[in-house]
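Asks: dropping a prediction and its sequence here:
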Amino acid sequence: MSFIKYLECTNTKCNNTEDIHKIQNQCTKCSYPLFVRYHLDKIRSNYTKGTAIDFKLNSLWRYKLLLPVIDDKFIVTLGEGMTPLIACTNLHGNFQLHAEQKLWVKDESQNPTSTFKCRGSSVAMSKVKELGIESIVIPTNGNAGSAWACYGAKSQTQVNIYTPKDATFMAKQESILFGAQVVLVDGLISDCSKMVQKHLELNPKCFDVSTLREPYRLEGKKTMGLEIWEQMNGCLPNVIVYPTGGGVGLIGIYKAFQELLELGWVDSCKMPKFISVQSEGCCPLIEAYERGDSKCTFFNGASTIATGMRVPRSLGDFLLLDIIRQTNGAFITVTEQEIIEMHSLAPKKEGLFMCYEGASALAAIQKAKSLGHIQDSDKDIVVINTGSGLKNKLEYLID
């Protein structure tokens, strides 16, 4: 049974709705991103939090009631999701956390292509098949491309990827091995996006799955929030710390918590604080936040070892800024040296081989605490590790 209602424009001055059964990218009136909305009242009337989850499925598809695929026969899955929430007991002291505070890492490295990108690819590719789309195109810093290529192979859908020449070797090789058409671009992801627009002009039937230019990737990434809620026995943490590039994962987790709160399925009825982490080498969000702006300006000269965070401007910047303000959260920047140091420390202290992006989020804990963004009363702090360190270039380990 499907409880999908419609697609809703995220522009509060527009509030347009679109048909869930039609192929849609952005709002047809104002071009803002679209959100999938559900009949939460009907779900609440027919299910409890104990009956809504399909416990037979050890994947993100256990939350089918809150996902946008209508017919199960179109589901494209490789067992993604249900990644562990790991207690970090050895690093606890490094951040001067109190004994009663708990530090957790949601470890997304245990997905099929070793990153959280599998979540968005699985759900969005399933919807692509349901809508009868045969070809997709995406700009990517690397990991999203390999995930889409993987799920393209599984679903036998043509995948076209535009990625910077300096994207990681593994991400490029994976994409090619999975059968995607890969074009290397001399520039940043913003330059790749321009190439995607040219691709779409030449191939009008190809579907654009760029970040927030379609509504379904976010629904897959939303399941991180649903899992955290389930793994915390129906409660929400006090703080979510998220490494931010395009920011779809952070937005998705927030949307999951919103839906759970509206359903009345949360034992602690309070939205967590969200802390968004960026590198000093690419921090358009914190600059906009400090100016008091509702949108970012393009960040010139973007450069960071954490390439997934090398996004000069996100299409969802206004959503991210609003979430941080609404939750009394914060934007934190970390240096390249702090990222590298945590990338090296986490394996030794916790056995966690994190990606640079995940390491940046963990590196921000101490700074967030010293600035008062994490307080002694915050008992549960969840850091999102978006992928495996195996996806990174590790030159710093070699003398």
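Replies: Cool, got the structure.
Asks: all contacts plus neighbour counts: C-alpha atoms, from now on.
Replies: Will do.
Asks: ranges for the helices of the stretch 101-250 of the chain?
Replies: Counting by DSSP state H, counting those that start in this stretch, one finds helices in the stretch 101-250 of the chain at the ranges 117-130, 143-155, 169-177, 189-202, 217-231, 248-263.
Asks: ok, which of these comes nearest Leu97?
Replies: Smallest distance to Leu97 across those (C-alpha to C-alpha): 20.9 Å, for helix 217-231.
Asks: give the buried residues for the closest one.
Replies: Neighbour counts using 16 or more other C-alpha atoms under 10 Å place 217-230 of helix 217-231 among the buried residues.
Asks: dump the residues you listed to JSON lines, plus distance to Thr48.
Replies: Shown next, in JSON lines, are the buried residues of helix 217-231 (distance: C-alpha to C-alpha, whole Å):
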{"residue": "Arg217", "distance to Thr48": "26"}
{"residue": "Leu218", "distance to Thr48": "24"}
{"residue": "Glu219", "distance to Thr48": "21"}
{"residue": "Gly220", "distance to Thr48": "22"}
{"residue": "Lys221", "distance to Thr48": "23"}
{"residue": "Lys222", "distance to Thr48": "19"}
{"residue": "Thr223", "distance to Thr48": "18"}
{"residue": "Met224", "distance to Thr48": "20"}
{"residue": "Gly225", "distance to Thr48": "18"}
{"residue": "Leu226", "distance to Thr48": "14"}
{"residue": "Glu227", "distance to Thr48": "16"}
{"residue": "Ile228", "distance to Thr48": "18"}
{"residue": "Trp229", "distance to Thr48": "14"}
{"residue": "Glu230", "distance to Thr48": "13"}
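Asks: what residues does the residue nearest the centre of the chain make contact with?
Replies: What sits nearest the mean C-alpha location of the chain, by C-alpha atoms, centre = their mean, is Gly249, with 2.1 Å. With contact set as C-alpha atoms under 8 Å, 6 or more residues apart in numbering, Gly249 has these partners: 218, 221-222, 224.
Asks: go with 10 Å
Replies: Residues near Gly249 by C-alpha atoms under 10 Å, 6 or more residues apart in numbering: 116-117, 119-120, 217-225, 242-243, 255, 384, 386.
Asks: tell me which of the helices of the stretch 101-250 of the chain sits nearest to Ile332.
Replies: helix 248-263 (14.2 Å).
Asks: could you list the buried residues of the helix or strand that the closest one is followed by?
Replies: Note on helix 248-263: by DSSP states H and E, the next helix or strand toward the C-terminus is strand 273-279. Across strand 273-279, burial judged by 16+ other C-alpha under 10 Å covers 273-279.
Asks: same question for stretch 331-351.
Replies: In stretch 331-351, counting by 16+ other C-alpha under 10 Å, buried: 331-336, 338-340, 342-346.
Asks: now the helices of the stretch 101-250 of the chain in TSV, with distance to Ile4 and mean pLDDT?
Replies: Formatted as TSV, the helices of the stretch 101-250 of the chain follow (distance: least, C-alpha to C-alpha, whole Å; pLDDT from 0 to 100):
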stretch	distance to Ile4	mean pLDDT
helix 117-130	12	98
helix 143-155	23	97
helix 169-177	32	93
helix 189-202	28	96
helix 217-231	12	99
helix 248-263	13	98
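Asks: now the angle between helix 143-155 and the helix or strand bottoming out on mean pLDDT in the chain, please.
Replies: Ranking every helix and strand in the chain by mean pLDDT, DSSP states H and E puts helix 169-177 at the bottom, with a mean of 93. Counting by axes from the mean of the first three to the mean of the last three C-alpha atoms, to 10 degrees, helix 169-177 lies at 30 degrees to helix 143-155.
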